[in-house]
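Peer 1: sequence first, predicted coordinates after that:
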Amino acid sequence: MAQKIVAGNWKMNHDLEQSLQLTEELNAKQLDEDVRVIIFPPALFVQPMSALKEGDFELGVQNFSQNTDGAYTGEISISQVESVGGTVGLIGHSERRAYHAESSELLKSKVDHAVANNFDFIFCCGEPLSVRESGGELAFVKKQLQESLFHLTANQIDGGVIAYEPVWAIGTGVTASVEQAEDMHKNIRSWLVEVYGTAVANNISILYGGSCKPSNAKELFSCPNVDGGLIGGASLKATDFSAIIQSY
Ligand code: PGA
């Protein structure tokens, strides 16, 4: 069965003091044991947050290099992330695709590098507004998955995590309706079944992201193919984030 996951993507928000304060607030919360909770703070706060962390949540990075080490100015390697307590990374967030020109090919190499290093990742996909308006969202998302993820073997993808984040719903306050979310998630699951078979497909967590908040999380998480959420804005406050976790 797919693991339930609620992850918070802080993006480029919060300074050190705020990050540590939020860590303490999360330490004090009784988090649901059945839900895997992950925070993706700015990378430089993973170490101090890890040192302060007592609660049952993991820390991850919003991006990492597809290279092992060497002359890659500004990049962070998987082993560096692990050495400060990070256990998981995002791959292919739409903001990285759009503002840092991350191509399908690059994302594929990050997927391969993570798999080779036994490093957990959440693979992000999702269509922009123009594609949704022209009715091409299923083909668009399927292509993203085929180009960067579906080359993995069943063994390699088993237990993995995909986040569906329609670009038009990210940070806009516009959430995909329950029907829109479930429809895409159901399709992603069926493509996984086609490529990997039912057992592996049912073992992959498919998260929804895009203006998910305490007021709509319960409804979204009740969809049969939604296994949790990747939360941006609403993860910046411990009370909102833990309310979303409690929505399960
Ligand atoms: P949002 O961001 O919840 O602020 O819409 C989601 C994300 O980009 O992961």
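Peer 2: Structure's in. What do you need? Numbering: from 1, shown residues only.
Peer 1: and the gap between Trp168 and Ser205?
Peer 2: 23 Å (CB to CB, to the nearest Å). From N, CA and C alone the C-beta is placed, and that goes for glycine too.
Peer 1: how about the strands in the chain?
Peer 2: 4-9, 35-40, 58-61, 88-91, 120-125, 161-164, 205-209, 228-231 (DSSP state E).
Peer 1: what does the fourth one rub up against?
Peer 2: Taking contacts as CB atoms under 8 Å, 6 or more residues apart in numbering, the residues outside strand 88-91 that touch it are 9, 38, 40, 58, 60-64, 78, 81, 96, 107, 110-111, 114, 119-124, 148, 163.
Peer 1: give me the subset of those residues touching the ligand.
Peer 2: Asn9 (CB under 6 Å from any ligand atom).
Peer 1: who are the contact partners of the residue positioned nearest the centre of the chain?
Peer 2: Nearest to the mean C-alpha position of the chain, counting by CA atoms, centre = their mean, stands Ile122 at 4.4 Å. Applying CB under 8 Å, 6+ apart, one finds that Ile122 lies in contact with Ala7, Ile38, Gly60, Val88, Gly89, Leu90, Ile91, Val161, Ile162, Ala163, Leu207, Leu230.
Peer 1: not counting sequence-adjacent ones, nearest residue to it?
Peer 2: The shortest distance from Ile122 to any non-neighbouring residue, by CB to CB, 6 or more residues apart in numbering, is to Val161 (4.5 Å).
Peer 1: pretty sure that neighbour contacts Phe123?
Peer 2: Yes: between Val161 and Phe123 there is a contact at 7.0 Å, judged by CB atoms under 8 Å.
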